[in-house]
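In: I would like the atomic coordinates for the input below:
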Amino acid sequence: MEATAQLQIDLNKRYGKRLVIIAWIIEVIAASLGLFIGLYGSYSAYALYSENEELDVGAWADVYISGAAFIIIAVVELTKIPLVLGFYRAKVLVWRLMFLGTLILLIVVTFETMFNGLERSYSNQEARITLIKNDWKAKKDELDNIEIRLAEINERTIEQIEEEYNIKLNGLNEEKINQRRALNAEKQGELDGVEEKIRQVRDSYTIISDADGLEETVKSLRADIEKASVDAENKIATAEENTANRVSEIDIRIDNLITQREEAMEDASIFNTRQTISSRFDLQIGPLEREKLSLQRNLEQNKIRIENERLARIATLEERLVVAQEELKISKGRGQNRLEESISVFEQEQIEIEDKYRPLFQNLEKDFEERKNNLNAQLKETKRIQNVGETNRPNLEEKRNEIREQIIVLQKDIDEQAAKTQIYRFTQRIYGHETAAEVKPEELRTITSIWFGSIALVAALVGSMLALAGYVLQDPDSYNPPPKKRSSYVTGFFRTIQGFFVALRRRLREPVIKIKKVQVPYEVTVEKIKEVPGPEKVVYKEVPKEIIKNEIVYVPFNTTEEGTIMKVDKNKKNKDE
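Out: Modelled structure (predicted):
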């Protein structure tokens with residue numbers, strides 16, 4: 001038994017030495033990784049300064065600094081295994097904590113070095129994919145621009161552009177009419193003030209109109225002028241209402257036809273294709289669109305015609321009014337000279353008002369004419385651009401198809417290159433992308449951080465853990481079981497607290513018993529003992545007696561379990577035999 005245990009100990013020591021050797025190999029490889037990273041940094045700095053021909057003292061210092069830090073890290077990483085031995089052998093808590101803290105720092109340094117090496121390797125693999133992916137993104141952007149251009153071309157037609165133009169033109173004319181009405185109202189307010197003054201002057205005189213009735217003629221002409229403006233406004237309002245009602249009916253019919261077309265296109269078949277259905281409904285919608293456009297044009301023409309008729313009517317009535325006023329002046333007697341002189345002052349004021357507002361109306365007409373010309377120019381340019389777009393539509397569609405084919409080819413190249421990179425495959429599978437070209441940079445960063453972090457963490461820890469395991473296997477003291485420790489005061493305190501809460505819980509869960517005094521009637525039975533003389537009674541009594549028995553008691557001794565061995569004194573064993 002002792003020989004077997006000794007063989008087991010020797011075997012464990014050999015395995016422990018091998019584990020330490022493997023740990024040294026891992027740490028040397030990790031240190032060489034940091035060394036080569038430092039040399040690569042120095043070489044990169046040297047190549048950069050060589051291209052620029054700036055190899056001065058500062059350049060050589062930069063080359064040295066670029067590699068010195070990583071070289072120092074590589075040398076420091078070789079001290080991890082001695083630190084593991086120091087941590088295992090140290091008995092003082094302070095030294096053990098110091099070794100452990102230094103070891104953790106070195107593990108962090110190894111983790112960063114491994115992560116840096118994995119990232120550099122991945123960057124070299126990703127560079128090829130990035131170049132193809134940049135071309136793929138450029139083609140996608142170009143395709144999106146073409147799609148937007150085609151959507152703009154297909155979104156509007158020449159008829160729709162003209163319809164928008166008519167709407168803007170109607171709005172411009174309405175704005176013109178409103179401003180003209182505002183000027184007329186302002187002008188008429190001033191003229192009404194002058195007319196009120198004239199009326200007051202005339203009322204101060206007792207003037208009788210001549211027999212021909214020229215005074216009534218003047219009043220009638222003025223009333224006709226006002227009536228002409230009101231009639232024109234009413235006609236325009238009626239025409240707008242009728243046109244709006246008819247346009248609304250047409251829009252309803254167009255909406256119904258569009259709805260029917262969509263329903264029919266959902267039921268399309270081989271014999272009744274979607275293109276045939278769309279053409280059939282377009283033949284019905286087209287006349288309605290043209291009718292609506294014609295109604296809007298007719299409305300605009302009617303407005304212009306009514307406005308021109310109103311202006312012509314007012315001009316004729318104003319000419320007749322001037323003639324009637326002159327005749328009225330002549331027909332009045334000489335006794336009215338003073339009245340005429342007073343009225344002439346106010347009439348001169350009316351003329352000044354007319355002169356003041358005439359250029360305002362002219363400027364208004366001129367301004368709106370310029371805006372109308374600009375609107376026509378915009379319409380012409382828009383139609384030209386639309387015509388050019390419709391002309392270039394086949395070329396754009398052909399170019400779109402070519403770019404789509406190029407995108408498919410680039411996408412295949414990306415998939416082929418990504419299939420060689422495990423990171424891309426994992427990212428594509430985790431995020432559910434159909435192709436590697438759709439993988440986003442932030443998704444790659446997440447997967448690479450998890451992937452490289454886990455690998456670097458294992459690589460940083462495995463050397464120290466293997467060395468610690470090797471030293472444990474080589475240590476003969478590790479085979480002796482540790483002595484049992486007495487329970488500490490803290491453990492006893494917590495056990496006391498636990499017992500207190502258990503007892504309290506039991507006490508709270510016990511049923512509550514209430515004691516109450518109740519008077520209960522009862523009968524007392526008195527027994528009388530009568531002594532009868534008889535023979536004496538023999539009583540047997542058991543007396544305890546101590547009995548001594550032999551008992552076998554188990555005494556534990558160390559055995560050969562768990563690779564340990566108990567050293568037995570051979571001389572004592574022979575004596576026992």
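
In: Mind checking what helix or strand follows the helix or strand where residue 405 lies in sequence?
Out: Assigned by DSSP states H and E, residue 405 belongs to helix 337-419. Scanning forward in sequence from helix 337-419 by DSSP H and E, the next helix or strand is helix 422-431.

In: quick one, the helix holding residue 405 and helix 422-431 angle?
Out: On the basis of axes from the mean of the first three to the mean of the last three CA atoms, to 10 degrees, helix 337-419 is oriented at 120 degrees to helix 422-431.

In: what's the offset of helix 337-419 from the middle of its chain?
Out: 37 Å (CA atoms, centre = their mean, to the nearest Å).

In: Give me the helices and strands touching it, please.
Out: In terms of contacts (3 or more CB pairs under 8 Å, 6 or more residues apart in numbering; DSSP states H and E), helix 337-419 is packed against helix 93-155, helix 158-203, helix 422-431. Quick note: C-beta positions are derived from backbone N, CA and C, even for glycine.

In: what is the rounded mean pLDDT of that helix?
Out: For helix 337-419, mean pLDDT rounds to 80.

In: Ok, stretch 195-204 next?
Out: On average, stretch 195-204 scores 74.

In: for the helices and strands packed on helix 337-419, which one sits closest to residue 508?
Out: helix 93-155 (44.2 Å; CB to CB).

In: Tell me, what's the model's pLDDT at the one residue sitting closest to the centre of the chain?
Out: Central residue of the chain (CA atoms, centre = their mean): residue 442, 14.0 Å from the mean position. For residue 442, the model assigns a pLDDT of 84.

In: Where does it sit, in terms of helix or strand?
Out: Going by DSSP H and E, residue 442 is part of helix 441-474.

In: quick one, what contacts residue 223?
Out: Contacts for residue 223 (CB atoms under 8 Å, 6 or more residues apart in numbering) come out as none.

In: For it, give its distance to residue 179.
Out: 25 Å (CB to CB, to the nearest Å).

In: Kindly report the same for residue 313.
Out: From residue 313 over to residue 179 (counting by CB to CB), the distance is 21 Å.

In: Could you do residue 493 as well?
Out: Residue 493 is 96 Å from residue 179, by CB to CB.

In: In terms of neighbours, single out the busier of these two.
Out: residue 179 (15 against 10; other CB atoms under 10 Å).

In: Do a quick rundown of the helices in the stretch 201-350 of the chain.
Out: 214-266, 274-331, 337-419 (DSSP state H, counting those that start in this stretch).

In: got JSON lines for these, with distance to residue 507 too?
Out: Below are these laid out as JSON lines (distance: least, CB to CB, whole Å):
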{"stretch": "helix 214-266", "distance to residue 507": "77"}
{"stretch": "helix 274-331", "distance to residue 507": "84"}
{"stretch": "helix 337-419", "distance to residue 507": "70"}
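
In: and residue 150, which of those helices is closest to it?
Out: Comparing the helices of the stretch 201-350 of the chain under CB to CB, the one sitting nearest is helix 337-419, at 5.7 Å.

In: what angle do that closest one and helix 274-331 make?
Out: Using the same axes, to 10 degrees, helix 337-419 lies at 160 degrees relative to helix 274-331.

In: what angle separates helix 337-419 from helix 158-203?
Out: Using the same axes, to 10 degrees: helix 337-419 against helix 158-203 is 160 degrees.

In: Also compute the angle for helix 337-419 relative to helix 93-155, please.
Out: 120 degrees.

In: The residue nearest to residue 403 when sequence neighbours are not counted and residue 38: what is the separation?
Out: Of all residues not flanking residue 403 in the chain, residue 143 sits nearest, at 4.8 Å (CB to CB, 6 or more residues apart in numbering). The gap separating residue 143 from residue 38 is 46 Å, by CB to CB.

In: Please parse the protein into its domains.
Out: 2-121+440-479, 158-392 (automatic domain parsing).

In: Pick the most buried one from these.
Out: Greatest average neighbour count among those goes to domain 2-121+440-479 (a mean of 16), per mean count of other CB atoms under 10 Å.

In: distance between that domain and the chain's centre?
Out: Distance, centroid of domain 2-121+440-479 to centroid of chain: 42 Å (CA atoms, centre = their mean).

In: now do stretch 117-129
Out: That offset, for stretch 117-129, works out to 30 Å (CA atoms, centre = their mean).

In: I'd like the mean pLDDT over it, please.
Out: Rounded mean pLDDT across stretch 117-129 is 74.

In: Using CSV, write out the CA atom coordinates for it.
Out: Output of stretch 117-129 as CSV, limited to C-alpha atoms (Å, rounded to 0.1, in the frame of the first residue of the first chain):
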residue,chain,number,x,y,z
GLY,A,117,-3.1,40.4,-31.5
LEU,A,118,-6.5,38.9,-32.3
GLU,A,119,-7.8,42.3,-33.4
ARG,A,120,-4.8,42.8,-35.8
SER,A,121,-5.3,39.4,-37.3
TYR,A,122,-9.0,40.1,-37.8
SER,A,123,-8.3,43.6,-39.3
ASN,A,124,-6.1,42.0,-42.0
GLN,A,125,-8.9,39.6,-42.9
GLU,A,126,-11.5,42.3,-42.8
ALA,A,127,-9.6,44.6,-45.0
ARG,A,128,-10.4,42.6,-48.1
ILE,A,129,-14.1,42.5,-47.2
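
In: hmm, who's touching it?
Out: With CB under 8 Å, 6+ apart, stretch 117-129 has contacts from 33, 37, 414, 417-418, 420-421, 423-424, 436, 444, 448, 452, 455-456.

In: Could you rerun that using 10 Å?
Out: 30, 33-34, 36-37, 40, 130, 133, 136, 413-418, 420-424, 436-437, 439, 444, 448-449, 451-453, 455-456, 459 (CB atoms under 10 Å, 6 or more residues apart in numbering).

In: how about a markdown table for the domains of the chain, with distance to residue 544 added?
Out: Output for these, formatted as a markdown table (distance: least, CB to CB, whole Å):
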| stretch | distance to residue 544 |
| --- | --- |
| domain 2-121+440-479 | 52 |
| domain 158-392 | 108 |
